[in-house]
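>>> Next input, structure requested:
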Amino acid sequence: MNIFAQFEARVREGLDALTRKGSLPGGLDFGRVVVEPPRDPSHGDLATNAALVLAKDAKTNPRALGEALADELRADPRVAEVSLAGPGFINMRLKPGVFHDVVRAVLADPAGFGRARLPGGPVNVEYVSANPTGPMHVGHGRGAVFGDALASLLVAAGRQVTREYYINDAGAQVDVLARSAYQRYREALGEPFAIGEGLYPGDYLKPVGEALAREHGRALLDMAEAEWLPAIRDISVAMMMDMIRQDLAAIGIRHDVFFSERKLHDSGAVGALLEDLRKRGLVYEGRLPPPKGQLPEDWEDREQTLFRTKDFGDDTDRPLLKSDGSFTYFAADIAYHREKVLRGAEEIIDVLGADHGGYVKRMQAAVKAVSDGKAVLEVKLCQLVRLLRAGEPVKMSKRAGEFVTLRDVIDEVGRDAIRFMMLFRKNDATLDFDLAKVVEQSKDNPVFYVQYAHARVRSVQRQAREAFPDADMSPQALLAEADLALLADSGEAEMMRLVAQYPRVIESAALAHEPHRIAFHLYEIAASLHGFWNKGKDLPQLRFVNATDRKSTWARLALVEAVRSVLADGLSLLGVSAPDEMR
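Just a heads-up that it's a prediction; the model follows:
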């Protein structure tokens with residue numbers, strides 16, 4: 001039950017009525033008309049911008065149009081009051097029965113409440129895609145949590161989603177990994193070894209060296225690098241991916257597809273892409289002007305094989321072949337995204353680190369080109385994570401050698417704290433993650449505050465069972481017996497209003513690809529519940545459980561069960577647990 005969608009339809013009915021009466025010209029585009037919560041809750045329950053966005057095209061004054069539309073809305077039996085604000089905003093206050101119906105809708109179908117059916121075809125969300133050269137760091141964790149929550153949010157909004165990880169197992173970095181593992185192999189055999197400049201120094205490669213020693217004995221020592229490198233590369237990548245999968249599982253991240261870059265090259269997909277682009281006249285031989293500013297060291301003024309990305313919105317055309325005839329990274333990336341399109345993706349979302357900003361335009365142009373405009377690409381950039389402890393920067397991990405591993409943080413503060421706090425800030429804003437603060441049991445720790453609200457409802461329900469030991473307090477029984485008209489306090493009205501907003505929050509968050517909106521809304525609901533609890537300390541008649549007043553108790557039990565259900569559902573979308581007790 002989405003009252004915002006219902007009243008948006010009602011506003012459009014009112015506009016249609018005004019059109020039939022001749023008060024509005026026909027053919028107006030209602031696409032910009034929205035119904036949303038007013039910024040100031042004291043102004044009402046719903047607000048619409050209809051008069052503001054339509055007045056210019058209708059060649060009328062927005063307040064005059066607002067008054068006419070307000071008259072149409074006043075006729076709705078669910079509306080208690082309609083008023084105009086500012087240049088033409090229309091505010092509506094609803095009758096309490098509307099919110100009672102919302103509570104009943106949650107109790108009747110908790111799993112379905114808040115679910116939407118947004119239009120659109122299959123979506124591919126690619127996230128994490130960390131190089132398989134070592135353990136994941138905290139920055140990888142932010143992209144992982146964001147991508148996973150976004151995928152869950154899109155599923156809740158009715159979209160068909162594939163969760164994907166791109167394994168960067170081709171290129172120079174995996175050869176460096178193999179050489180680093182070879183030194184650990186020598187170490188495992190008791191041979192002299194050296195972690196030279198440019199190699200990976202972390203202790204995480206010791207198990208790889210030990211595995212190589214068990215499998216090959218001393219045989220690799222007598223081989224030239226060209227002989228041992230492929231075998232060591234394969235086992236090193238496999239063991240690194242096992243470690244990454246374990247870290248992902250520890251934080252509750254899952255993928256449907258792990259796609260190998262090496263297999264992409266081996267399959268001939270990159271060559272097939274180039275051939276396809278040639279046939280379509282999207283490739284030519286030419287020279288690029290030098291980039292603005294300081295020239296990069298590898299820039300060459302030479303004739304190159306160029307892709308006409310500029311025709312599809314990029315700033316310049318892009319090379320597909322290096323001077324040695326091998327494919328550029330860009331060519332492989334295009335081939336990979338073409339594979340996603342061939343698998344049916346109509347919307348592609350790449351979750352990447354903030355350092356990939358220059359990648360966005362060229363890949364959006366490439367996806368537009370290879371899909372004939374049938375698929376779109378959105379790149380969500382995740383900003384840096386500053387890891388602190390009591391305000392001080394955290395030192396590097398001994399195991400990784402260069403950074404703090406994600407697994408170190410999981411082991412210290414737990415999955416829930418990481419996931420919620422990674423999502424309690426918009427993805428494109430830098431995040432300060434304080435290991436000391438995220439385990440505090442206080443209002444200043446958002447994950448504790450929201451989880452405590454869920455546990456507090458469970459505590460209320462346990463108290464009610466003690467006060468009324470023989471009563472049926474299932475959602476179905478509450479639905480049948482609770483007199484919700486008894487919920488007359490402003491604090492109760494606020495909780496119902498926030499529960500009613502939940503379906504709209506899911507829909508708007510899914511459309512904007514912003515899962516942090518869910519976290520923010522859950523915090524608001526938690527604050528409302530805690531506020532009403534505190535009110536009951538001073539006013540016994542407002543306590544959730546009153547052993548001498550079964551009717552008010554049942555009404556509040558129905559309300560808090562609706563609140564609990566929304567909290568549990570929202571936390572589930574974020575991949576965070578909803579505990580029954582806080583320890």
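>>> most distant residue from the middle of this protein?
Distance from the centre of the chain peaks at residue 222, with 50.2 Å (Cα atoms, centre = their mean).
>>> which residues does residue 173 contact?
Applying Cβ atoms under 8 Å, 6 or more residues apart in numbering, we find residue 173 in contact with 131, 133. Yep, even glycine has a C-beta here, placed from its N, CA and C like the rest.
>>> following the helix or strand hosting it, which helix or strand comes up?
Residue 173 is part of helix 172-188, with elements assigned from DSSP states H and E. Note on helix 172-188: by DSSP H and E, the next helix or strand toward the C-terminus is helix 206-216.
>>> Tell me which stretches of the stretch 451-583 of the chain form helices.
475-481, 490-512, 516-538, 550-574 (DSSP state H, counting those that start in this stretch).
>>> Buried residues, the second one. List them.
Same thing as helix 490-512. Counting neighbours by 16 or more other Cβ atoms under 10 Å, one finds that the buried residues in helix 490-512 are 491-510.
>>> what is the rounded mean pLDDT of it?
Mean per-residue pLDDT for helix 490-512: 96.
>>> Check the secondary structure at the residue nearest in space to the middle of the chain for me.
Using Cα atoms, centre = their mean, the residue of the chain that lies closest to the mean C-alpha position is residue 150, 2.8 Å off. At residue 150 the chain is in helix, as set by DSSP: H, G, I helix; E, B strand; the rest coil.
>>> ok, it touching residue 512?
No - Residue 150 is not in contact with residue 512 according to Cβ atoms under 8 Å; the separation is 10.3 Å.
>>> Per the annotation, how does the chain divide into domains?
What automatic domain parsing lists as the domains of the chain is 3-94, 123-169+258-382, 446-574.
>>> if we can go back for a sec, tell me which of the helices of the stretch 451-583 of the chain sits nearest to residue 460.
Nearest to residue 460, of all these, is helix 550-574, at 5.6 Å by Cβ to Cβ.
>>> residues of that closest one that come out buried?
By 16+ other Cβ under 10 Å, the buried positions in helix 550-574 come out as 552-571, 573-574.
>>> so where's this structure shaky on pLDDT?
Within the chain, the ranges that satisfy pLDDT under 70 run 294, 296-299, 396-402.
>>> out of everything not next to it in sequence, what's closest to residue 111?
residue 569 (7.9 Å; Cβ to Cβ, 6 or more residues apart in numbering).
>>> any idea how far the one you found is from residue 342?
Counting by Cβ to Cβ, to the nearest Å, the separation of residue 569 from residue 342 is 35 Å.
>>> and what of residue 431?
Relative to residue 342, and taking Cβ to Cβ, residue 431 is found at 36 Å.
>>> Likewise for residue 145?
Between residue 145 and residue 342 the computed distance is 29 Å (Cβ to Cβ).
>>> Give me the more crowded residue out of the two.
residue 145 (30 against 11; other Cβ atoms under 10 Å).
>>> tell me the contacts of the closest residue to the more buried one other than its chain neighbours?
Leaving aside its chain neighbours, residue 145 sits nearest to residue 422 (4.2 Å; criterion: Cβ to Cβ, 6+ apart). Counting by Cβ under 8 Å, 6+ apart, residue 422 makes contact with 141-142, 145-146, 385, 431, 433.
>>> run the last query once more with 7 Å
141-142, 145-146, 431 (Cβ atoms under 7 Å, 6 or more residues apart in numbering).
>>> what's the spacing between it and residue 124?
On the measure of Cβ to Cβ, residue 422 and residue 124 end up 22 Å apart.
>>> how about the strands in the stretch 301-450 of the chain?
Taking DSSP state E, counting those that start in this stretch to define them, one finds strands in the stretch 301-450 of the chain at 304-307, 318-319, 347-353, 376-382, 385-389, 392-393, 431-434.
>>> send the alpha carbons of the third one over as PDB?
So the one you mean is strand 347-353. Only the C-alpha atoms of strand 347-353 are listed here, as PDB (Å, rounded to 0.1, in the frame of the first residue of the first chain):
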ATOM      1  CA  GLU A 347      20.500  -1.500 -17.700                       C
ATOM      2  CA  ILE A 348      24.100  -1.800 -16.600                       C
ATOM      3  CA  ILE A 349      25.400  -0.400 -13.300                       C
ATOM      4  CA  ASP A 350      29.100  -0.500 -12.500                       C
ATOM      5  CA  VAL A 351      30.200   0.300  -8.900                       C
ATOM      6  CA  LEU A 352      33.700   1.600  -9.000                       C
ATOM      7  CA  GLY A 353      36.200   3.500  -6.900                       C
END
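>>> isn't residue 353 right next to residue 139, touching?
Yes - counting by Cβ atoms under 7 Å, residue 353 touches residue 139, with 6.3 Å between them.
>>> Which of those two has more residues huddled nearby?
The neighbour comparison of residue 353 against residue 139 (other Cβ under 10 Å) goes to residue 139, with 21 against 16.
>>> count of residues packed around residue 414?
Neighbour tally, residue 414, other Cβ under 10 Å: 16.
>>> Identify the residues contacting it.
Contacts of residue 414 (Cβ under 7 Å, 6+ apart): none.
>>> now residue 175
Here residue 175 is in contact with 229, 233 (criterion: Cβ under 7 Å, 6+ apart).
>>> what's the spacing between it and residue 203?
21 Å.
>>> cool, and residue 471?
Using Cβ to Cβ, residue 471 is found at 59 Å from residue 203.
>>> neighbour count winner among those two?
A direct count of neighbours by other Cβ under 10 Å for residue 471 and residue 203 places residue 471 higher, at 15 against 12.
>>> What ranges does the stretch 1-150 of the chain have for its strands?
Going by DSSP E, counting those that start in this stretch, the stretch 1-150 of the chain shows strands at 35-36, 46-48, 79-85, 89-94, 123-126.
>>> Dump these to TSV, plus mean neighbour count and distance to residue 184.
Below are the strands of the stretch 1-150 of the chain laid out as TSV (neighbours: other Cβ atoms under 10 Å; distance: least, Cβ to Cβ, whole Å):
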stretch	mean neighbour count	distance to residue 184
strand 35-36	18	58
strand 46-48	26	63
strand 79-85	17	69
strand 89-94	21	66
strand 123-126	26	31
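>>> I'd say residue 494 and residue 528 touch.
Yes - contact criterion Cβ under 7 Å: residue 494 and residue 528 qualify, at 5.0 Å.
>>> which ones are touching residue 318?
With Cβ under 7 Å, 6+ apart, residue 318 has these contacts: 306-307, 309, 330, 362.
>>> what do you get if the cut-off is 6 Å, keeping everything else the same?
By Cβ atoms under 6 Å, 6 or more residues apart in numbering, the contact set of residue 318 is 307, 309, 330, 362.
>>> how near is the second one to residue 375?
It refers to residue 309. Distance from residue 309 to residue 375, by Cβ to Cβ: 15 Å.
>>> Check what contacts the one helix or strand residue 163 maps to and list those residues.
Element membership of residue 163 [criterion: DSSP H and E] is strand 161-167. Strand 161-167 is contacted from outside by 123-126, 128-129, 132, 151, 154-155, 255-260, using Cβ under 6 Å, 6+ apart.
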